[in-house]
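A.B. asks: Task: produce atomic coordinates for the following.
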Amino acid sequence: MCGINAIIGLKGINNPQQIVAKMNTAISHRGPDADGIWGDEYCTLGHRRLSIIDTSPAGNQPFHSPCGRYHLVFNGEIYNYKELALELASHFQFKTLSDTEVIIAAFMHWGENCVDHFIGMFAFVLWDSQHQIAYVFRDRLGVKPLYLAQKGNSVIISSEVRGILASDLVSKELRPHSIADFLRYQTVHQPNTILKEVNALAPGHLLKIQSGGLRDTCYWSLYNNVSSEPSQMSPQEIHQRIYDLLLSSVELRMRADVPFGAFLSGGIDSSIIVGLMSRISERPVETFAVTFDEKEFDESKYSSMVAKKFGTNHHEIRLSAKHFLDEVPDALNALDHPSGDGSNTYVVSEVTRKQGVKMALSGLGGDELFAGYDVFRRMSAIRKLRSLELMPLAMRRLSGNAMRSLWPSVRSEKIANLFELKKFSAEFAYPITRRVLTDRQIIKLFPPIHLVPDALANITSDAMNLSLPLLSKISIAEMNGYMLHVLLRDADQMSMAHALEVRVPFLDHRLVEFVLGVNDTIKFPSTPKKLLLDAVGDLLPHEVVHRPKMGFTFPWPIWMRGELRGFCEEGLQGLTALSVIRHHEVIQMWKLFLSGSKVITWSRIWPMVVLGHWVKKQGAYA
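C.D. replies: Here you go, the predicted structure:
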């Protein structure tokens with residue numbers, strides 16, 4: 001796991017290696033083990049290394065082919081590198097034990113199709129110095145980020161937005177449409193970022209850069225890589241295949257030449273990962289759990305139960321409001337791109353890294369893949385409301401407004417939004433479930449909101465038009481929406497702030513392709529994630545399987561009205577740099593939150609606090 005930088009096309013760029021050196025410094029937290037720069041007259045590559053596999057200097061980057069034609073900077077891990085090295089041994093003489101060298105060998109043998117053979121998370125730039133072509137790849141599900149900006153004849157590339165900003169080649173102007181997107185969904189949907197001149201390479205894409213221009217192609221997508229195999233199998237065969245795929249995924253992700261462990265919340269997903277790790281490992285697994293002084297948020301009962309069952313070396317991270325208050329400024333300073341979530345990952349990553357662990361496995365992705373969220377049940381039930389389409393829209397709007405007035409809350413607001421839909425289907429209802437602020441609320445802050453396309457609505461429409469089971473369509477919307485743009489982005493930026501690599505076994509593309517092909521009646525016959533639980537059998541304690549779902553969250557309402565109040569007000573003040581936002585409406589929302597409003601809850605205010613701090617720190621404007 002590392003950080004990469006590159007400038008492709010150096011015409012008009014003065015001192016490119018000096019610029020890339022500044023970019024490397026800006027993302028040095030991603031790779032404290034080594035720093036490297038290489039360039040020729042057309043391209044400059046930079047790298048910061050966090051050594052996980054083959055920690056010797058031989059694995060340092062930029063990495064070069066023996067013939068001197070190919071040059072590589074790579075962030076991530078190719079988990080099946082050992083198998084690929086054996087397959088390629090007759091074509092390539094390996095000099096290291098690194099997965100980095102395997103990428104070079106695979107490209108020399110298979111060309112652009114090399115990624116079809118990779119199981120892993122990755123973002124890399126490979127420069128062909130003979131033909132002056134750059135090949136820029138991002139992994140299938142977007143576990144690893146990659147940002148880019150085009151300025152004239154040059155393309156600036158980095159693992160982080162701050163790396164691109166450090167080049168001083170792009171402005172800090174925000175994209176107004178992205179501000180609207182952020183207010184709606186506490187994130188910005190790719191390929192856009194919050195910045196006007198910076199974009200993200202989409203997951204499963206190859207960007208080919210040469211003198212003739214840029215060619216962006218998709219080599220893998222959730223939309224067209226769903227397995228048809230489950231339709232030919234019995235439920236028992238499906239369960240066995242899922243178990244085998246998940247066990248293989250965990251086993252591959254335990255490959256490391258450094259100490260590693262796992263995040264353990266005590267929920268089903270993280271507990272399954274820890275259980276499978278314990279079946280594979282010959283020594284106790286290192287596990288890390290956040291616990292709270294506030295009992296209503298504390299899950300230590302369950303994480304301790306799982307740790308005891310599997311005999312892990314368990315570490316509890318006990319937090320209080322005072323402790324977290326001390327961490328909040330650092331957590332927000334670690335944000336590369338604004339996000340309404342992620343501070344929890346920052347804290348657990350910090351303590352995990354201090355234990356000497358450089359890599360940890362996470363249960364991220366289990367809810368999205370196995371229909372664990374309530375939204376899966378709600379979208380399945382939305383079809384029962386189709387009879388309401390017969391009611392005139394004006395009457396439904398009247399009913400919705402009455403509900404808003406009589407029972408003001410986030411729930412009634414969203415139900416009212418549902419009543420106003422022209423069609424009662426998952427395609428139109430799903431984006432409402434993920435909205436932080438509704439357009440009615442945002443229009444007071446940002447009047448042009450009605451002119452801004454709804455990014456998640458477009459993602460959902462694409463998913464719902466597929467010939468797949470409904471739950472699989474919702475999974476694809478979740479994975480291409482909230483998971484990609486919030487959970488994965490936060491997992492990367494918050495863990496890498498501490499040079500900690502996080503691996504996500506539930507997002508092995510082989511497992512994803514198979515599970516998305518499973519019929520709804522097998523996936524969700526009675527209770528959420530029953531398919532997953534049936535697949536792992538009696539792996540987990542009964543109390544963990546049937547425990548109430550709490551979610552991994554901090555006691556934000558208590559803290560934001562107490563110890564964090566001044567910090568929040570400082571963040572909201574930072575939004576004054578954005579002339580497109582009406583600041584007096586921001587203050588009004590804050591007052592409503594302080595008064596205990598059930599409509600403006602903490603999760604509606606916190607993203608604005610985060611955005612304000614980020615804008616102030618970066619000196620951004622709009």
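
A.B. asks: residue closest to the middle of this structure?
C.D. replies: L488 (1.2 Å; CA atoms, centre = their mean).

A.B. asks: so what's it up against?
C.D. replies: 141-143, 364, 504 (CB atoms under 8 Å, 6 or more residues apart in numbering). All C-beta atoms are positioned from the backbone trio N, CA, C, and that covers glycine.

A.B. asks: Which ones among those lie within strands?
C.D. replies: Among the contacts of L488, no member falls in strands (DSSP state E).

A.B. asks: hmm, back to that, distance check, the residue nearest to the centre of the chain against M391.
C.D. replies: 40 Å (CB to CB, to the nearest Å).

A.B. asks: Other residues contacting stretch 574-585?
C.D. replies: Residues outside stretch 574-585 that contact it (CB under 8 Å, 6+ apart): 174, 176, 179, 444-448, 586, 608, 611-616, 620-622.

A.B. asks: and L245, how far is that from F524?
C.D. replies: 19 Å.

A.B. asks: Which of the two has more residues huddled nearby?
C.D. replies: F524 (22 against 19; other CB atoms under 10 Å).

A.B. asks: Could you tell me the backbone phi and psi angles at the more buried one?
C.D. replies: Note on F524: its backbone torsions stand at phi -140, psi 60 [degrees, to the nearest 10].

A.B. asks: Now it: closest residue in space that isn't a chain neighbour?
C.D. replies: Sequence neighbours aside, A371 is the residue nearest to F524 in space, at 5.1 Å (criterion: CB to CB, 6 or more residues apart in numbering).

A.B. asks: Give me the phi and psi angles of the one you found.
C.D. replies: According to degrees, to the nearest 10, A371 has phi 60, psi 50.

A.B. asks: Flag the shaky bits of this structure, pLDDT-wise.
C.D. replies: Along the chain, the parts satisfying pLDDT under 70 run over 1, 294-297, 321, 549-554.

A.B. asks: Regarding it, what is its longest helix?
C.D. replies: When the chain is parsed with DSSP state H, its longest helix is helix 235-253.

A.B. asks: Which elements pack onto that one?
C.D. replies: Using 3 or more CB pairs under 8 Å, 6 or more residues apart in numbering; DSSP states H and E as the contact test, the elements touching helix 235-253 are helix 268-280, helix 509-515, helix 530-536.

A.B. asks: Identify each buried residue in it, please.
C.D. replies: 238-239, 241-243, 245-253 (16 or more other CB atoms under 10 Å).

A.B. asks: D336 touches V161, doesn't it?
C.D. replies: Yes. Using CB atoms under 8 Å as the test, D336 is close enough to V161 to be in contact (5.2 Å).

A.B. asks: The residue nearest to F524: neighbouring residues, count only.
C.D. replies: A371 has 28 nearby residues by other CB under 10 Å.

A.B. asks: for A491, same thing?
C.D. replies: 23.

A.B. asks: So it lies in a helix, does it not?
C.D. replies: Yes. Counting by DSSP: H, G, I helix; E, B strand; the rest coil, A491 is found in a helix.

A.B. asks: so P431 sits right up against A455, yeah?
C.D. replies: No. At 9.1 Å, P431 does not count as touching A455 under the criterion of CB under 8 Å.

A.B. asks: how many degrees apart are the longest helix of the chain and helix 268-280 in direction?
C.D. replies: Counting by axes from the mean of the first three to the mean of the last three CA atoms, to 10 degrees, helix 235-253 lies at 70 degrees to helix 268-280.

A.B. asks: following helix 235-253, which helix or strand comes up?
C.D. replies: strand 260-263 (DSSP states H and E).

A.B. asks: Can you give me the distance of F567 to S303?
C.D. replies: 29 Å.

A.B. asks: who's more crowded, those two?
C.D. replies: Higher neighbour count among F567 and S303: S303, with 27 against 17, using other CB under 10 Å.

A.B. asks: The more buried one: what secondary structure?
C.D. replies: Relying on three-state DSSP, one would call S303 helix.

A.B. asks: Report the contact partners of it.
C.D. replies: Counted by CB under 8 Å, 6+ apart, S303 has contacts 264-266, 287, 289, 291, 314, 316.

A.B. asks: Next up, phi/psi of the residue nearest to R184 when sequence neighbours are not counted, please.
C.D. replies: Of all residues not flanking R184 in the chain, R435 sits nearest, at 5.6 Å (CB to CB, 6+ apart). The phi/psi pair for R435 (degrees, to the nearest 10) reads phi -70, psi 140.

A.B. asks: Burial check on R435, number of neighbours?
C.D. replies: A count of nearby residues for R435, using other CB under 10 Å, gives 21.

A.B. asks: I'd assumed T187 was in contact with it.
C.D. replies: No. Between R435 and T187 there is no contact under CB under 8 Å: 11.7 Å.

A.B. asks: Need the distance between the two termini of stretch 534-544.
C.D. replies: Start-to-end span of stretch 534-544 (CA to CA, to the nearest Å) is 14 Å.

A.B. asks: for it, which positions count as buried?
C.D. replies: Buried-residue list, stretch 534-544, by 16+ other CB under 10 Å: 534-536, 539-541, 544.

A.B. asks: out of those residues, who's nearest M483?
C.D. replies: A535 (20.3 Å; CB to CB).

A.B. asks: Would you mind confirming that that closest one makes contact with D244?
C.D. replies: No. Contact between A535 and D244 fails when scored by CB under 8 Å: they sit 9.1 Å apart.

A.B. asks: Spatially nearest residue to W38 (excluding sequence neighbours)?
C.D. replies: P62 is the one closest to W38 (CB to CB, 6+ apart), at 4.1 Å.

A.B. asks: how far away is that neighbour from Y81?
C.D. replies: 18 Å.

A.B. asks: Those two: which is more packed in?
C.D. replies: Y81 (25 against 21).

A.B. asks: which residues touch that one?
C.D. replies: Per CB under 8 Å, 6+ apart, neighbours of Y81: 53, 98-99, 102, 255.

A.B. asks: quick one, phi psi at it?
C.D. replies: Dihedral angles (degrees, to the nearest 10) for Y81: phi -60, psi -30.

A.B. asks: residue contacts, the residue nearest to W38?
C.D. replies: 36-38, 45-47, 71-73.

A.B. asks: Could you rerun that using 6 Å?
C.D. replies: Shown in contact with P62 (CB atoms under 6 Å, 6 or more residues apart in numbering): 36, 38, 45, 47, 71, 73.

A.B. asks: I'd guessed the third one sits against N5; true?
C.D. replies: No. Look at L45 against N5 with CB atoms under 6 Å: they stay out of range, at 7.3 Å.

A.B. asks: Which one's more surrounded, those two?
C.D. replies: Set side by side, L45 and N5 show more neighbours around N5, with 30 against 27, by other CB under 10 Å.

A.B. asks: That one: what's it in contact with?
C.D. replies: Going by CB under 6 Å, 6+ apart, the list of residues near N5 reads 20, 23-24, 46, 158, 163.

A.B. asks: how about the strands in the stretch 501-622 of the chain?
C.D. replies: Using DSSP state E, counting those that start in this stretch, the strands assigned to the stretch 501-622 of the chain run over residues 501-503.

A.B. asks: Noted, bye for now.
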